[in-house]
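A.B. asks: sequence below, structure please.
(one chain, ligands or ions: 1)
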Amino acid sequence: MKSSSETQKMRDKLLSWYDRTGRTLPWRIRPEDRDAGQIPDPYAIWLSEIMCQQTTIPHATPYWEKFLARFPTVTDLADAERDEVLAMWAGLGYYARARNLHKCAQLIRDAHNGQFPQSEAGLLQLPGIGPYTAATIAAICFDEPTNIVDGNVERVISRIFRVQSPLPKAKTELRRLAATLASPKRPGDYGQALMDLGGTVCTPTSPNCAHCPWQGHCAAYANGDQTDYPKKSPKTKRPIRYGAVFVLQYQYQILLQRRPDNGLLGGMMGLPGTEWTARREADPLRAAPQARNWEKCPGEVKHVFTHFDLRLDVYRAETSRKISGEWADIQNLAEYAIPTAYKKALRKAGL
Ligand code: SF4
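C.D. replies: Okay, the predicted model is just below:
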């Protein structure tokens with residue numbers, strides 16, 4: 001742990017570094033914007049935080065802009081059809097977040113008069129808002145001195161203190177150490193500064209220590225072993241699951257199938273197919289919708305989920321008899337909330 005005078009120096013250095021060089025992001029109210037009278041909109045901040053989880057800022061930014069243009073307020077988002085929200089989310093992945101986003105907006109509309117709760121504790125009660133997001137919104141929008149810790153912050157803190165225990169076990173210790181540095185003054189700017197430091201300077205493989213405001217306080221820098229931190233437990237190999245999907249065409253339409261609400265890609269539109277299992281099915285066509293002329297497309301679709309790799313065999317057939325089910329015009333497939341794994345399968349089938 002650092003002494004209180006060193007801690008104070010570190011806070012001051014980080015904040016003045018942020019004032020000079022912090023990132024400009026479309027949803028960010030920088031110190032000079034705040035001085036000019038702008039105030040952060042919790043709805044815009046919340047959207048950005050949910051969208052940026054598990055993806056990069058450049059990838060998430062057009063989605064954020066599209067959502068704010070279509071749903072300018074949280075009530076507008078709550079009033080939207082869930083399918084429209086899911087369709088606009090398609091391409092960002094992790095669809096449980098989109099379902100929770102919509103649920104959360106409805107709860108804010110119905111139980112909070114369309115206003116976000118103004119405390120970390122209140123925000124934590126909302127669906128899809130975890131400790132990191134609650135701490136971030138509360139600090140940025142309501143000046144609550146919270147302890148904002150994401151993966152970038154964990155990396156910085158692990159290096160500053162040379163934390164020896166590996167992730168994920170080290171998380172509690174890293175949170176505790178981050179809390180000892182967190183600034184009660186300008187908590188939102190401090191949190192954003194620390195995330196910027198991790199995102200742009202204290203990067204995983206090549207930290208730019210020469211430009212780091214905390215260089216003189218960093219134990220890993222002093223020891224010359226920055227990239228040894230954070231320590232990590234040895235990785236377990238990601239399992240592979242196999243499945244087959246069926247692209248059935250009737251004239252200018254394709255048969256879609258909605259995935260069950262619970263579970264992976266819940267509520268999204270997909271293609272009919274087999275279960276995804278640890279072994280390739282011997283006879284996947286048993287699960288095919290009626291049609292006799294199934295042809296297997298060459299190769300397979302590969303897709304990576306958080307906990308497993310997916311290999312999909314894609315079968316294609318045309319039918320002259322329209323069986324019951326959800327048929328979508330091929331031209332209008334973009335309007336459906338079709339996850340990327342299925343989009344890849346459609347591409348493999350030539351659509
Ligand atoms: S000195 Fe280097 S390793 Fe230490 S916090 Fe700064 S960038 Fe990261």
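
A.B. asks: let me know the secondary structure of Ile254.
C.D. replies: Following DSSP: H, G, I helix; E, B strand; the rest coil, Ile254 is assigned to strand.

A.B. asks: and the gap between it and the ligand?
C.D. replies: 50 Å (C-beta to the nearest ligand atom, to the nearest Å). C-beta here means a position set from N, CA and C on the backbone, and glycine is covered the same way.

A.B. asks: so what pairs up with that residue in the strands?
C.D. replies: Taking DSSP bridges as the rule, Ile254 bridges to Gln249, Ala328.

A.B. asks: residues contacting it?
C.D. replies: Contact analysis of Ile254 by C-beta atoms under 8 Å, 6 or more residues apart in numbering lists Val247, Leu248, Leu271, Trp327, Ala328, Ile330, Leu333, Leu346, Leu351.

A.B. asks: in contact with the nearest residue to the first one once chain neighbours are set aside, which residues?
C.D. replies: Which is Val247. Computed as C-beta to C-beta, 6 or more residues apart in numbering, the closest residue to Val247 that is not its neighbour in sequence is Ala349, at 4.1 Å. Listed by C-beta under 8 Å, 6+ apart, the contact partners of Ala349 are Val247, Cys297, Val314, Arg316.

A.B. asks: out of the contacts of Ile254, which one sits closest to the ligand?
C.D. replies: Ranked by distance to the ligand (C-beta to the nearest ligand atom), the contacts of Ile254 are led by Leu346 at 43.7 Å.

A.B. asks: just to check, the closest one is in contact with Leu248?
C.D. replies: No. With contact defined as C-beta atoms under 8 Å, Leu346 and Leu248 do not form a contacting pair (11.7 Å).

A.B. asks: between those two, who's got more neighbours?
C.D. replies: Counted by other C-beta atoms under 10 Å, Leu346 and Leu248 do not tie: Leu248 has more neighbours, with 25 against 20.

A.B. asks: residues of the chain that sit close to the ligand?
C.D. replies: Within the chain, the residues that sit near the ligand (C-beta under 6 Å from any ligand atom) are 156, 159-160, 201-202, 207, 209, 212, 214-215, 218, 220-221, 226.

A.B. asks: now the helices for this structure?
C.D. replies: Under the criterion DSSP state H, the chain contains helices at 4-21, 31-35, 42-52, 57-70, 74-79, 82-89, 95-111, 120-124, 131-142, 151-161, 171-181, 187-196, 219-223, 340-348.

A.B. asks: want to try TSV for the ones you listed, with mean pLDDT as columns?
C.D. replies: Shown next, in TSV, are the helices of the chain (pLDDT from 0 to 100):
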stretch	mean pLDDT
helix 4-21	96
helix 31-35	90
helix 42-52	96
helix 57-70	96
helix 74-79	97
helix 82-89	90
helix 95-111	92
helix 120-124	97
helix 131-142	96
helix 151-161	97
helix 171-181	97
helix 187-196	96
helix 219-223	97
helix 340-348	93
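
A.B. asks: just the ones of the contacts of Ala349 in strands?
C.D. replies: Val247, Val314, Arg316 (DSSP state E).

A.B. asks: the second one against Arg347, yeah?
C.D. replies: No. With the criterion set as C-beta under 8 Å, Val314 and Arg347 do not qualify as a contacting pair; they are 9.2 Å apart.

A.B. asks: and Leu126, how many neighbours?
C.D. replies: Neighbours around Leu126, by other C-beta under 10 Å: 22.

A.B. asks: mind checking pLDDT for it?
C.D. replies: pLDDT, the model's per-residue confidence, is 94 for Leu126.

A.B. asks: thought it was touching Gln115?
C.D. replies: No. If you go by C-beta under 8 Å, Leu126 and Gln115 don't touch, sitting 12.0 Å apart.

A.B. asks: tell me the domain boundaries of this structure?
C.D. replies: The chain breaks down by automatic domain parsing into domains covering 4-228, 240-348.

A.B. asks: if you compare the ones you listed, which one is most tucked away?
C.D. replies: domain 4-228 (a mean of 18; mean count of other C-beta atoms under 10 Å).

A.B. asks: and the residue of the stretch 51-200 of the chain nearest the ligand?
C.D. replies: Nearest to the ligand, among the residues of the stretch 51-200 of the chain, is Arg159, at 4.1 Å (C-beta to the nearest ligand atom).

A.B. asks: return the residues in contact with the closest residue to that residue other than its chain neighbours.
C.D. replies: Of all residues not flanking Arg159 in the chain, Ala220 sits nearest, at 3.9 Å (C-beta to C-beta, 6+ apart). Going by C-beta under 8 Å, 6+ apart, Ala220 touches Ser158, Arg159, Ile160, Arg162, Gln226, Asp228, Tyr229.
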